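Peer 1: A structural model of the following input is requested.
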Amino acid sequence: MLRPDRPMMAIAGYELARMSARHGLDVHAFVLMSNHFHLLATDERATRSDAMRDFCSGVARARNRQLERCGYVWDGRGYHETVVLDREALERKLVYVWMNPVRAGLVRCVRDWPGFTVLPEDWGKPVRVKRPQWYGRKSEEEVTFTPQPPPGYEHMELEEVRAHFNRLIEKAEAEEARQRGVRRVLGSTRAALVGVLSGPKTRAACERAPRYMASASADVTQAGERWRAFQNAYAHQRRRWKRGRRGGKFPAGTVWMPRHTAAQCEEYRGRVGCIAREGVRGGQEVDFKTMCRHTA
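Peer 2: Below you'll find the model as predicted:
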């Protein structure tokens with residue numbers, strides 16, 4: 001369904017730009033595959049759930065109109081979240097996102113992939129995306145978003161950050177080429193000609209993503225303890241709220257209650273990262289990667 005042809009490129013770019021603009025996401029990396037996509041972005045407003053909903057529904061409606069079909073596009077398995085706790089883990093995830101078509105045996109180099117991508121050279125450059133023909137006149141005629149480098153590199157010049165991640169990509173490409181040896185890849189031309197409704201003959205098992213990722217296991221353990229403490233505090237305040245005792249505050253990171261009721265939350269301090277997962281109907285699992293600064 002997400003075959004990297006020109007219509008899908010236009011749809012994905014438009015929806016990514018709208019999602020970034022509407023929900024305040026700083027996009028760091030994006031790769032559109034044939035049956036899933038990868039995205040890593042910073043979520044300042046804790047709106048990743050709404051962003052996922054809008055992006056996936058927008059892509060599904062536009063792609064169905066373009067193909068003159070109706071029915072599901074996504075497989076309905078929802079998404080899981082993995083909190084990225086340190087810079088080393090963040091770098092590994094960024095390279096993983098960009099290297100996906102290479103490691104899948106589709107192309108030899110990251111930049112050979114014909115699908116819509118956001119790469120290090122796109123950081124800091126405004127991307128203007130015009131409305132594809134499969135949208136109504138009420139949709140924005142043009143949407144602009146500017147991909148940004150990930151947080152944690154403010155002490156470096158932008159060109160230095162780009163060069164750093166390009167070196168990581170080159171290193172990963174060289175290692176993949178060494179492991180692949182003489183085996184051929186599908187190639188960008190053939191990848192763009194794959195049947196638009198084709199899919200794997202067997203459904204891949206959906207491995208639940210770990211909630212946290214870090215270079216040190218102790219950090220993962222500590223984060224898990226903080227998450228359980230949040231859940232307990234939320235459940236306690238929720239019980240008080242339902243009994244009419246509404247003077248207290250929900251723990252920082254609560255999203256639904258303050259958005260839809262008069263509930264108040266404690267002040268949030270700190271920053272974490274999140275990676276979510278979504279899949280295409282009939283396809284393999286997907287890693288929709290999201291760096292976020294709030295838990296939900």
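
Peer 1: OK, contacts around residue 119?
Peer 2: 29, 98, 110-111 (C-beta atoms under 8 Å, 6 or more residues apart in numbering). All C-beta spots, glycine's among them, are computed from the backbone N, C-alpha and C.

Peer 1: tell me how far it lies from residue 130.
Peer 2: 21 Å (C-beta to C-beta, to the nearest Å).

Peer 1: what subset of the contacts of residue 119 is buried?
Peer 2: Among the contacts of residue 119, those classed as buried by 16 or more other C-beta atoms under 10 Å are 29, 98, 110.

Peer 1: now do the contacts for the residue nearest to residue 113 when sequence neighbours are not counted.
Peer 2: Once flanking residues are discounted, residue 113 sits nearest to residue 101: 4.1 Å by C-beta to C-beta, 6 or more residues apart in numbering. When contacts are counted by C-beta under 8 Å, 6+ apart, residue 101 touches 31, 33, 107, 110, 112-113, 115, 191.

Peer 1: need phi/psi at residue 101.
Peer 2: phi -70, psi -30 (degrees, to the nearest 10).

Peer 1: give me the pLDDT value at it.
Peer 2: Listed pLDDT for residue 101 reads 94.

Peer 1: got a list of what residue 50 touches?
Peer 2: So residue 50 contacts residue 23 (C-beta under 8 Å, 6+ apart).

Peer 1: so residue 183 sits in a helix?
Peer 2: No. In this structure, residue 183 is coil, not part of a helix, as judged by DSSP: H, G, I helix; E, B strand; the rest coil.

Peer 1: not counting sequence-adjacent ones, nearest residue to it?
Peer 2: residue 105 (7.3 Å).

Peer 1: the one you found: neighbouring residues, count only.
Peer 2: 13 (other C-beta atoms under 10 Å).

Peer 1: do residue 254 as well
Peer 2: Neighbours of residue 254 using other C-beta under 10 Å come to 24.

Peer 1: quick check: it touching residue 234?
Peer 2: Yes. Counting by C-beta atoms under 8 Å, residue 254 does reach residue 234; the two are 6.1 Å apart.

Peer 1: in this protein, what spans have low per-residue confidence?
Peer 2: 79-81, 198-207, 269-296 (pLDDT under 70).

Peer 1: mind checking which of the contacts of residue 101 are in strands?
Peer 2: residue 31 (DSSP state E).

Peer 1: not counting sequence-adjacent ones, nearest residue to residue 132?
Peer 2: Distances taken as C-beta to C-beta, 6+ apart place residue 10 nearest to residue 132, at 4.3 Å, with adjacent residues excluded.

Peer 1: what about the one you found, distance to residue 160?
Peer 2: Counting by C-beta to C-beta, the gap from residue 10 to residue 160 is 33 Å.

Peer 1: between these two, which is the more surrounded one?
Peer 2: Neighbour tally, residue 10 and residue 160, criterion other C-beta under 10 Å: the higher count belongs to residue 10, 20 against 11.

Peer 1: A helix includes the more buried one, no?
Peer 2: Yes. Counting by three-state DSSP, one finds residue 10 located in a helix.

Peer 1: thought it was touching residue 135?
Peer 2: No. At 9.9 Å, residue 10 and residue 135 do not qualify as touching, with contact defined as C-beta under 8 Å.

Peer 1: out of the contacts of residue 119, which are inside helices?
Peer 2: The helices, defined by DSSP state H, take in residue 98 from these.

Peer 1: tell me the one among the contacts of residue 119 nearest to residue 144.
Peer 2: Of all the contacts of residue 119, residue 144 sits closest to residue 29, with 18.6 Å by C-beta to C-beta.

Peer 1: isn't that closest one right up against residue 16?
Peer 2: No. Look at residue 29 against residue 16 with C-beta under 8 Å: they stay out of range, at 11.2 Å.
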